[in-house]
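Novice: Model the following, please.
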Amino acid sequence: RLHTLSSAFRMAQEETRSKMQQVENVGMSAEDFLSRLSASKQHLQHLEEEKRTIAESLTLTTAEKQDISSRFEKLTMSLEDEQSKNSDLQNNVQKQCAKIRELEEINRMSCLEVRSVTAEKNKVEEELA
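Specialist: Here you go, the predicted model:
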């Protein structure tokens, strides 16, 4: 009977060692799992921060796009105003050039008339002399 108890005791010890090994393996697996979970959480936090940064950048980009669009519209209106002013100025310059040509023609005719009168005056003076 002692032999049976001794044999049962050894079997119980072996089973206990086996269970302890299993507990140790499960503990190591749990530690590995916790370590990977921690690394995953850190990576997730990093991705969340990157997501926030990108969202902020997109918000800035949208605001910048709206600002650029607004400035472009203002510049377009300014350009159209300047083009209109330029066109008005060109028309004014053309009118002034036409007026100058007209005045030059009047001046030329006046000069011819003055020469003619001067020639006639000289002729009369010669005749009187």
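Novice: tell me what the helix or strand containing Leu79 is packed against?
Specialist: Here Leu79, judged by DSSP states H and E, is contained in helix 2-128. Judged by 3 or more C-beta pairs under 8 Å, 6 or more residues apart in numbering; DSSP states H and E, helix 2-128 has no packing partners among the helices and strands. Where C-beta positions appear, they are placed from N, C-alpha and C, glycine not excepted.
Novice: any idea how far Gln90 is from Ser78?
Specialist: Gln90 sits 18 Å away from Ser78, going by C-beta to C-beta, to the nearest Å.
Novice: now Thr61
Specialist: On the measure of C-beta to C-beta, Thr61 and Ser78 end up 25 Å apart.
Novice: Same check on Val93?
Specialist: Taken as C-beta to C-beta, the span from Val93 to Ser78 is 22 Å.
Novice: Ok, Ser116 next?
Specialist: Taken as C-beta to C-beta, the span from Ser116 to Ser78 is 56 Å.
Novice: for Glu120, same thing?
Specialist: Taken as C-beta to C-beta, the span from Glu120 to Ser78 is 61 Å.
Novice: So what touches stretch 108-123?
Specialist: Around stretch 108-123, nothing counts as a contact under C-beta atoms under 8 Å, 6 or more residues apart in numbering.
Novice: how many neighbours does Ser57 have?
Specialist: Ser57 has 10 neighbouring residues, counting by other C-beta atoms under 10 Å.
Novice: now Ser38
Specialist: 10.
Novice: go on, the one 5 residues further on?
Specialist: Using other C-beta under 10 Å, the number of residues around His43 comes to 10.
Novice: The one 3 residues further on now?
Specialist: Residue crowding around His46 was assessed by other C-beta under 10 Å; the count is 10.
Novice: and what of Met109?
Specialist: With other C-beta under 10 Å as criterion, Met109 counts 10.
Novice: Kindly report the same for Ser29.
Specialist: By other C-beta under 10 Å, neighbour count at Ser29 equals 10.
Novice: same question, the one 3 residues further on
Specialist: Applying the criterion other C-beta under 10 Å, we find 10 residues in the vicinity of Asp32.
Novice: now swap in the one 10 residues further on and tell me
Specialist: Gln42 sits with 10 neighbouring residues when counted by other C-beta under 10 Å.
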